[in-house]
Structure formats: structure tokens, C-alpha cells
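Colleague: Kindly return the folded structure for what I paste below:
(one chain, ligands or ions: 4)
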Amino acid sequence: MESAEIRRRWLSFFEERGHTVVPSASLIADDPTLLLVPAGMVPFKPYFLGEVKPPFPRATSVQKCVRTPDIEEVGKTTRHGTFFQMCGNFSFGDYFKEGAIKLAWELLTTPQDKGGYGLDPERLWITVYKDDDEAERIWHEVVGVPKERIQRLGMKDNFWSMGVPGPCGPCSEINYDRGPEFGVEGGPAVNDERYVEIWNLVFMQYERGEGIGKDNFEILGDLPSKNIDTGLGLERLAMILQGVRNMYEIDTSMAVIDKATELTGVRYGDAHDSDVSLRVVTDHMRTATMLIGDGVTPGNEGRGYVLRRIMRRAIRNMRLLGATGPVVKELIDTVIGMMGQQYPELITDRERIEKVALAEENAFLKTLKAGTNILDTAVSETKASGGTVLSGDKAFLLHDTWGFPIDLTLEMAAEQGLSVDEEGFRRLMKEQRERAKADAQAKKTGHADLGAYREIADSAGETDFIGYTDTEGEST
Ligand code: ATP
Ligand code: MG
Ligand code: MG
Ligand code: MG
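Modeller: Numbers count the residues shown, from 1 in each chain. Ligands and ions are numbered 1, 2, ... in the order given. From the prediction side, this is the model:
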């Protein structure tokens, strides 16, 4: 089943069951606590928090998402992308646990010729939060899932909160068994590559008090109105329904792998390392295209930095694969060719998107060679003096003068057996930022209000170069 059909079925299934179809919001979150949208619930947050009265009791969407913290997983696991689409259904004080569980089961297991996705019920494994007897009872008694295929997990996996006082509650995840070729049996608690998580149901039922992080806080009591927030990864379901082994081999990705192999001459399937690089390129070019499409431009702060880091990582992986000239335009053309059906604005905006991407590629290619020389020299010097750690100064110089994102320096140093003094690097970054802030303060004139964007960039500034600010806290 094609990705477009998965999406169509999702929306019409929930629309037929009283949900209002809400189009995907931009990846640029309308929320000062987030850089980018990491989950389908973000546009509905004011309803969940009780700040705005929901205009409808039920909604459904297919939301564009970016999760930078998953960047290290990309290409290594079969199921993580920095960009993906989250299909969701939401209830605002309307149906709750039993309603959500029954809807999910019906859509997944109804045969394809009757409008569902036709998954074999015997391959579905359920996880529930360790204390959530009610969810387990519904899965077992109402839906009929045998107890052996229901597992209990702790706070880390199966309890949701935003990390601050407000709504919270247990989750229940639906996982698909891809069979023994993906490793040992034992359910999702044991093997998350074989039993791949496809859908998470969040039951917002409690009020969270103060506390620390996401797993150390007090529960104050029941929420007056209970909500449902669910998220299913469209690409993960496509991977299963299209019978491919990896999220990057589905209909809306494979052509990018093919294009990258054409541009480099490296065949997909030849070797583990080059396969990882091909998947990294594919993921990152998809993400870059979608980010530029939504108006992000490369830069050294906030979202711009997320984009820069992702583009530069993709370009460098293309060089590792053997590309020598520019590659970005052709890769982006391929992405638009596949994603344009779903997102026609990519087609009408093609020229601008390519222009932004090309400028970044040119800038990076100009400095890549010089930066690589500096890095190689620094590595040799460090080794010659018996050291194993590249100094924070060098990492900062590479960042500041040669536009090397820190993870690029980390990767390139690691390839030569060195680690990097990240703490020293961060300290220098912080000092630079403080200098810039002091300068800006000094220059403030009559029209000092640079508006919300500045604030976002500043609030994200502390940690944006490791890219973790935009996605912690918000997953469904
Ligand atoms: P995982 O445990 O596999 O990392 P998750 O628990 O972090 O997933 P959720 O926050 O529950 O994911 O998001 C809801 C759904 O979105 C998941 O069940 C999955 O299908 C999909 N999803 C999450 N992260 C990614 C990703 N990086 N790439 C593709 N799909 C994803
Ligand atoms: Mg995750
Ligand atoms: Mg999970
Ligand atoms: Mg989950």
C-alpha cells in the first residue's frame, strides 16, 4: 500500500467516526518552548492544557515532524528518521481509554479490502504502563489480545508528561512482530527492532505536580476532563505494508537512495558503512527539503542551525561515498518528486528551496577542504604529543571559522581515533554568545524589538548546537 493511500485511509477512517480533519501545521512550531514540531499533538496543546476551548471534541491529522535527538539513530536502526509524518487521533474530553484502544485495533486489523490496514492480529504486541491495569484489561477482555502478548513497561517508555506541571498519563504502544529474521523473540520489552513500535496511545488522565524531569514527580489527582493523544509513524507502517526492511526503502524515500547511488557509484547493499551513509543522506535531504519548504534558512542559531547541521552532515556523507561535485540540487529534486504529491507547495516553491540549499552547499564546500586540513593537522599534533582528546579551542575554531557543526568534528575526530573536549567547546560557544548579546544590548536603538523570533533563538541558544532543545518533552 502506497504512503498516500495509508494517509488517505487514516484520515477517512477517523473522519467517518466523528473526527475533524486538521491539516498539518508548519514544522516551525507556534510555541515558544519548541524550535520544531516533534509530534502530532503540538498544534492541539492549548486544548490539552485547557488554555483554549477546543472547537471540536475529536480531531485527526497527519503532522510533519522533526526530531533532532534521533539523529544518531538514523541509518543505524531501521525505523528512525529526523523527519517523519505522525498520523494522530485526538479526543478532548470525549472518548477515553476504551474508545481509543478499540479504534486503533479496528483500523489496524480490518482487512485492506474493507478499508483498514489488514495487519495480522497475531503479530501485534501491546505494551502498557506497569500500573495501568485498566488498559491491560481492555486489551485483553474487550479486544481479545492474549495476555502473553501484553507487556508492562515503566515510566521511561510508557508514561507521558511534558516535564512540567500539567496533564500527564500512561501510554500504551502497539508493536508489530517482523519475525525471526529481525532477531530474538520475547516481545517489544526485549527486542525493539524485531517488534517495531508503530502506534502510541497516550491516556491523559492525571494532573502532574512539581518534580524533576519526566520520571520523578508527584501525581496530584485525576484531571477533570480526560484526553486522548495518539501517534502512529506513517513511514513505519509503510515499511511494514510495503514489505521492506527499512524505513528508507519505502515508496517516498527509495528514489533518494537510488539518486545518491547514481551520483556516487556506490551500490546500496554493498557494505554496512556505505548503506548507513546512503540512509543518512536520504533522511537528511528529506528533512532539509521539508525545513526549507516551511521557511527555515541555514544559520548558526536555533532552527537555522538544525538545518545547517543536517545539510552539512548529508553533504559530508556524500563525499565519504565518493561524490566530488555538488549534489544537493539533484537530491532535492528527487525528494520533491516523491513528496510533492502530498505537499504540492514544495513543487510551486521548488526554485526558492533549491536556491537556499545550493547557497548552503556552496558555502560548505568552500570551507570543507580548508577545515579538513585544519582538523587533520590538529589531529596529528594531538597524537604526536600523546593526547587522545582534540582541544575545545580547535573544535571552536572549526565551528566559528570553517562552519563545522560540532557533531561533524566529533565524527571526523572519532574516525581518526580521537575524542573532543566538548565541554571546552561549549564554554567557548557560551562566551561568544554572551559577547554577542552584550553587543546587541549596546547597539539597541529606538526600534529595539526584534520580536518573537529573537526570543526563541535566545531561549534555545544554550543548547541548540547539540540540537536537543526542540524535541525533548513533546513526544506523544
Ligand atoms: P521509539 O521508541 O521507536 O523511538 P517513540 O516512543 O520515541 O518511538 P513516540 O514519541 O511514541 O515514539 O511517537 C509516536 C510514533 O511516531 C511512534 O510510535 C512511531 O511510530 C513514530 N516515530 C517516533 N519517532 C520516529 C522517528 N524518529 N522516525 C519515524 N517514526 C517515528
Ligand atoms: Mg524515540
Ligand atoms: Mg517508544
Ligand atoms: Mg512511543
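Colleague: shaky segments in this structure?
Modeller: Low-confidence segments of the chain, defined by pLDDT under 70: 443-476.
Colleague: And the residue of it closest to ligand 1?
Modeller: Of all residues in the chain, the one sitting closest to ligand 1 is Gly233 (2.6 Å; CB to the nearest ligand atom). The way it works is simple: take the backbone N, C-alpha and C, and place the C-beta from them, glycine included.
Colleague: Show me the beta-bridge partners of that residue.
Modeller: Beta bridges link Gly233 to Met86 when assigned by DSSP bridges.
Colleague: same thing with Pro167?
Modeller: Bridge pairing for Pro167 - DSSP bridges - gives Glu207.
Colleague: OK, contacts around it?
Modeller: Counting by CB atoms under 8 Å, 6 or more residues apart in numbering, Pro167 makes contact with Phe48, Leu49, Ser161, Met204, Tyr206, Glu207, Arg208, Leu223, Asn227.
Colleague: And for Trp199?
Modeller: Per CB under 8 Å, 6+ apart, neighbours of Trp199: Ala104, Leu108, Glu173, Ile174, Thr230, Gly231, Leu232, Gly233.
Colleague: Tell me which residues of the strand or helix carrying it come out buried.
Modeller: Using DSSP states H and E, Trp199 sits within strand 195-212. For strand 195-212, burial by neighbour count (16 or more other CB atoms under 10 Å) applies to 195-208.
Colleague: restrict those residues to those near ligand 1?
Modeller: Contacts with ligand 1 within the buried residues of strand 195-212, counted by CB under 6 Å from any ligand atom: Glu197, Ile198, Trp199, Asn200.
Colleague: for this structure, what's the longest helix?
Modeller: Longest helix in the chain, counting residues (DSSP state H): helix 350-384.
Colleague: Let me know the secondary structure of Gly50.
Modeller: When classified by DSSP: H, G, I helix; E, B strand; the rest coil, Gly50 comes out as coil.
Colleague: That should have said Val296, apologies.
Modeller: Secondary structure for Val296, judged by three-state DSSP, is coil.
Colleague: check contacts around it.
Modeller: By CB under 8 Å, 6+ apart, the contact list for Val296 reads Leu27, Ile28, Arg303, Gly304, Val306, Leu307.
Colleague: Scan these and report the most crowded one.
Modeller: Neighbour tally across those (other CB atoms under 10 Å): the maximum, 31 neighbours, falls on Val306.
Colleague: Can you name every helix or strand that the one helix or strand that one maps to contacts?
Modeller: If you go by DSSP H and E, Val306 is part of helix 302-320. Packing partners of helix 302-320 (3 or more CB pairs under 8 Å, 6 or more residues apart in numbering; DSSP states H and E): helix 254-264, helix 272-293, helix 328-339, helix 350-384, helix 406-415, helix 452-461.
Colleague: and those helices, which is most packed in?
Modeller: Among the helices and strands packed on helix 302-320, helix 272-293 has the highest mean neighbour count (mean count of other CB atoms under 10 Å), at a mean of 24.
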